[in-house]
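# Here is my input; please provide its structure:
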Amino acid sequence: MKKYLTKADIILFIILIALGIASTILVSHGKSTGDKVVITQGGELYGTYSLMEDRSIDIQSDAAHNKDADSVYNTVVIENGKVRMEAASCHNQVCVRHAAISSAGESIICLPNRIVVKIEGNGGGYDAVSK
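Numbers count the residues shown, from 1 in each chain. Take a look at the predicted model:
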């Protein structure tokens, strides 16, 4: 009977699994926590808020750039050191379904309403790979 796995194959497999786990741990610990939330609307600064202060931010604008809606609105919630998009007038609701963010460099984008919510601070916004 022919053997398909040798001892060397098993050792190589274990080493590869260990390297995968180690790199996952290094990347997850490389994220820096942000300290401020920067919101832009149509490429212009809408506001800068502390990530540590719980609040709800309502963003209203005219429908000049979104012809499918009578009015354009987004509701951003800062809660427990995380930011999420609670509501939006866009049809696809991708920004609302996006997970809450808390690390520097992460962002939530509502493309139809041209809203960008970004975390900045404590590390300059670089991700773990580019450090």
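
# helices and strands around the longest helix along the chain, which ones?
Using DSSP state H, we find that the single longest helix of the chain is helix 7-29. Packed against helix 7-29 by the contact rule (3 or more C-beta pairs under 8 Å, 6 or more residues apart in numbering; DSSP states H and E) you find no helix or strand. All C-beta spots, glycine's among them, are computed from the backbone N, C-alpha and C.

# in this protein, which spans are strands?
In the chain, the segments counted as strands under DSSP state E are 36-41, 44-50, 55-61, 72-79, 82-88, 107-110, 115-120.

# With only the CA atoms kept, save the longest helix of the chain in PDB.
Output of helix 7-29 as PDB, limited to C-alpha atoms (Å, rounded to 0.1, in the frame of the first residue of the first chain):
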ATOM      1  CA  LYS A   7       6.500  12.400   8.600                       C
ATOM      2  CA  ALA A   8       8.100  15.400   6.800                       C
ATOM      3  CA  ASP A   9       4.700  16.300   5.300                       C
ATOM      4  CA  ILE A  10       3.100  16.300   8.800                       C
ATOM      5  CA  ILE A  11       5.900  18.400  10.300                       C
ATOM      6  CA  LEU A  12       5.700  20.900   7.400                       C
ATOM      7  CA  PHE A  13       1.900  21.100   7.900                       C
ATOM      8  CA  ILE A  14       2.300  21.800  11.600                       C
ATOM      9  CA  ILE A  15       4.900  24.500  10.900                       C
ATOM     10  CA  LEU A  16       2.600  26.200   8.400                       C
ATOM     11  CA  ILE A  17      -0.300  26.200  10.800                       C
ATOM     12  CA  ALA A  18       1.900  27.700  13.600                       C
ATOM     13  CA  LEU A  19       3.100  30.400  11.200                       C
ATOM     14  CA  GLY A  20      -0.400  31.300  10.200                       C
ATOM     15  CA  ILE A  21      -1.500  31.500  13.800                       C
ATOM     16  CA  ALA A  22       1.500  33.600  14.800                       C
ATOM     17  CA  SER A  23       1.000  36.100  11.900                       C
ATOM     18  CA  THR A  24      -2.700  36.400  12.700                       C
ATOM     19  CA  ILE A  25      -1.800  37.300  16.300                       C
ATOM     20  CA  LEU A  26       0.800  39.800  15.200                       C
ATOM     21  CA  VAL A  27      -1.500  41.600  12.800                       C
ATOM     22  CA  SER A  28      -4.400  41.800  15.300                       C
ATOM     23  CA  HIS A  29      -2.100  43.200  18.000                       C
END
